[in-house]
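>>> the sequence isn't on hand, but the structure is:
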């Protein structure tokens, strides 16, 4: 929710790119999926002894591109009058696939306990589900709670860089614990808010 407060600032920064990019919103969405695949695979390739720790930086850079493209597709769609329910469906679906690919790459890699990694995925998916489910039942899109998608992408950019610079602790695993716990609690918080609104 923290990063969501700066959506307008991000939109202004991306506005010149949105005005000149030749790609369609759908093409941008699928390009963001490719960068998410690359990010997840980069994190998967990092070795325990970090002899190839540059993959942490590759993964971080690709998460950044994923975040930029994810914001850009919506801006381009609105500017060109191409916003639609189908586009919204594709966007939300690819966002969830990207979440799974990026965190799944971390979970299947050697840096993080697999069970912790997949618990993080469950927490992330439940949080996102509660946001869209609120809309489905007529309560409006719900963004309350910590570690919404924009926040998670920022964390997924920064933590690999921190881990690259300092190997004193396993920051990648700490991140997955945070996703598992905080996202699950935020999902419960969203449920409570939606439940109250539906009364």
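Right, received. Where do you want to start? Since the model is a prediction, treat every value here as computed from it, not as a measurement.

>>> so which elements touch the longest helix seen in the chain?
Longest helix in the chain by number of residues, with DSSP state H as the criterion: helix 171-198. When contacts are defined as 3 or more C-beta pairs under 8 Å, 6 or more residues apart in numbering; DSSP states H and E, helix 171-198 packs onto helix 85-108, helix 114-136, helix 149-165. (C-beta placed from N, C-alpha, C; glycine too.)

>>> next, the buried residues of it.
Residues 171-173, 175-180, 182-184, 186-187, 189-191, 193-194 are the ones in helix 171-198 that count as buried (16 or more other C-beta atoms under 10 Å).

>>> cool, stretch 78-96 as well?
Neighbour-count burial for stretch 78-96, counted by 16+ other C-beta under 10 Å, picks out 87, 90, 91, 94, 95.

>>> how about stretch 159-173?
Neighbour-count burial for stretch 159-173 flags 159, 160, 162, 163, 164, 171, 172, 173 (criterion: 16+ other C-beta under 10 Å).

>>> and the two most separated of the residues you listed?
Spatially, the most separated pair among those is 164 and 173, at 14.8 Å (C-beta to C-beta).

>>> rewinding a little: average pLDDT across the longest helix of the chain?
Mean per-residue pLDDT for helix 171-198: 95.

>>> could you do stretch 129-142 as well?
Mean per-residue pLDDT for stretch 129-142: 86.

>>> just the residues contacting it, thanks.
Here stretch 129-142 makes contact (C-beta atoms under 8 Å, 6 or more residues apart in numbering) with 92, 143, 148, 187, 190, 191, 193, 194, 197, 198.
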